[in-house]
Structure formats: C-alpha cells, structure tokens
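Engineer: need coordinates for the below:
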Amino acid sequence: MSRARQAAEGHSRSPWIAGTYDCARWAEVSRRLDESEQFPGAEPGPDWDDAIAVIRERIESRFLKPAGALLPMAYAGFAVLALDSLAIESVARLRQGLRNVDRQSRNLVTEFLRDRPTFSKYFSAKGHDGGSKCVCGPCDFYRNVRSGIVHEGETQNGWLVRYGERELVTTTPDGVRVVDRNLFHRGVEAEFRIYLDDLRHRDNSELRSHLKRALDGICGIGAGTTPVEGD
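Structural biologist: Numbers count the residues shown, from 1 in each chain. Now for the predicted structure:
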C-alpha cells in the first residue's frame, strides 16, 4: 500500500499528523531544526518551510476544508461555525504556545475575536470584564453561538446564523444579532493565512518555537509526551 493511500485510509506505523506527514517524518525535521542555526533562528530556512507546510495541511484538512465543503448546503451553518470555532482555538493555541492547557477555550476564542483584525471590527471589547457573564461581543458570541451550538445544538439569546448577508455580523432593528456563516468562515481562512505569513517573518522566532513545540508534543517528542494516533 502506498504512503498516499495509507494517509487516505488512516493506516500508518507512525501516527499521521497532517495529510502525508507522519510523526517519523516530522521527527527528522524537528531534529534538523534543533541541530541547525534555524532554531530559534533569525531567517527561517527550508526546514521551517516543512514545519509550516505541516501545520497548514493539518489545519486545512481537519477544519477549514471540511467547513468549506459545507458552505453550499443550506442548513449547515451550525456545523460550519462549530468547525471554524475549533480552528480559531487551534490557531490561538499555536500563537500563544498553549497545548494541553485546560479551561482556556473561552479566553482563547474571545481574545482571537477581539484582537485579530479580520474580526475585531465586528466583535467589540466594549464592556468586557472577564467574568463568566461578560456582555462584550466576543464573550456573547462564545457563550450563545459557539457554546450554544457545541453543547446544546442551538444558538441562544437572540443570535441567528444566516448566509448572504452584507456584513459578517449585523444587528436587526429589534436587537437580533445575525452572524453570516460564510463570511465568518472566510474570515477564519484569512486569519490562518496571516498566521502562516507571520511564521515566515524573520523576527517571529518565538512564534515558530511555539509551532515546533506543538508538533513535537503531538508526536511525543520530548520529555513527558506520547504520540496520539489521529491527533
């Protein structure tokens, strides 16, 4: 059986972390990064190109492409937003260097919506107090859209999911908030492209360090870690 077919069918002696990349292949890249001047490095070289290709394929294949495939479906908004919310949290964890850190989902998603330029104009930090009942835009979305969909299978407290809107988030005259799931998805894709571009910038060695540590952890490279099949 070819490696491509093994990847497609999920068979491998080494866990697959993204498409045709398995942990054995990543371990070689990781070792070269450790041994070369590229890590932490000032100017990212070919091995960093490999690392960036791994995370690009991982996030696209697990979240962005499945969500994109649902966009033509009329009633797939909940599924699209659930996948996109997972993508947001994954990218936020990569940016901040957080892996296997519990009870951070709300902070990661809401900070992403408040701080990232694609979303900040639609999710104002006004009124943010950090509490569980915070009424700011990002916390409202997290509680009533992201968590409502994931935990209850519904949006709550005056949120609707639609497509074909002119803006990513709008508010109707009677106070109903509407998120356009297609525009939201395009925004997540745009922010992921920005993340990949940031990884390539010579001054972002810390960001690249976070990426390497995350991929090492997935593959059980380093003390106290074990690989997770299908991670």
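Engineer: and the residue nearest to Asp22 when sequence neighbours are not counted, how far from Phe63?
Structural biologist: In space, and not counting its chain neighbours, Asp22 is closest to Ser14: 4.2 Å by Cβ to Cβ, 6 or more residues apart in numbering. C-beta coordinates here come from the backbone N, C-alpha and C atoms, glycine included. Using Cβ to Cβ, to the nearest Å, Ser14 is found at 22 Å from Phe63.
Engineer: more neighbours: those two, which one.
Structural biologist: Phe63 (24 against 15; other Cβ atoms under 10 Å).
Engineer: got the buried residues for stretch 49-67?
Structural biologist: 50-60, 62-64, 67 (16 or more other Cβ atoms under 10 Å).
Engineer: report pLDDT for the most centrally placed residue in the chain.
Structural biologist: The centroid of the chain falls nearest to Ala87 when counting by Cα atoms, centre = their mean (2.8 Å). For Ala87, the model assigns a pLDDT of 98.
Engineer: wait, it sits on Ser61?
Structural biologist: No: assessed by Cβ atoms under 8 Å, Ala87 is found out of contact with Ser61, at 11.2 Å.
Engineer: quick one, helices of this protein?
Structural biologist: In the chain, the segments counted as helices under DSSP state H are 3-9, 23-35, 46-59, 65-70, 77-96, 105-115, 117-120, 137-141, 147, 181-200, 205-218.
Engineer: low-confidence ranges in this structure?
Structural biologist: 1-12, 37-43, 223-231 (pLDDT under 70).
Engineer: 80 instead, please
Structural biologist: Residue ranges of the chain with pLDDT under 80: 1-13, 19, 36-44, 100-103, 129-132, 222-231.
Engineer: check the gap between the nearest residue to Glu154 once chain neighbours are set aside and Tyr75 for me.
Structural biologist: Spatially, and ignoring its direct neighbours in sequence, Glu154 is nearest to Gly148 (5.5 Å; Cβ to Cβ, 6+ apart). Remark: distance between Gly148 and Tyr75 (Cβ to Cβ) = 16 Å.
Engineer: these two: who's more crowded?
Structural biologist: For Gly148 and Tyr75, the more surrounded residue by other Cβ under 10 Å is Gly148, and the numbers stand at 19 against 8.
Engineer: the more buried one contacts Trp159, doesn't it?
Structural biologist: Yes: counting by Cβ under 8 Å, Gly148 does reach Trp159; the two are 7.3 Å apart.
Engineer: quick one: Thr110 and Asp140 touch, right?
Structural biologist: No: contact between Thr110 and Asp140 fails when scored by Cβ under 8 Å: they sit 9.3 Å apart.
Engineer: higher neighbour count, the two?
Structural biologist: A count of neighbours by other Cβ under 10 Å puts Thr110 above the other of Thr110 and Asp140, at 26 against 19.
Engineer: which ones are touching that one?
Structural biologist: Residues in contact with Thr110 (Cβ atoms under 8 Å, 6 or more residues apart in numbering) are Cys136, Pro138, Cys139, Phe141, Tyr142.
Engineer: relative to Arg202, how far out is the first one?
Structural biologist: Pointing back at Cys136 there. In this view, Cys136 and Arg202 are 35 Å apart by Cβ to Cβ.
Engineer: show me which of the two is the more surrounded one.
Structural biologist: Legend: neighbour count by other Cβ under 10 Å for Cys136 and Arg202, higher for Cys136 (19 against 10).
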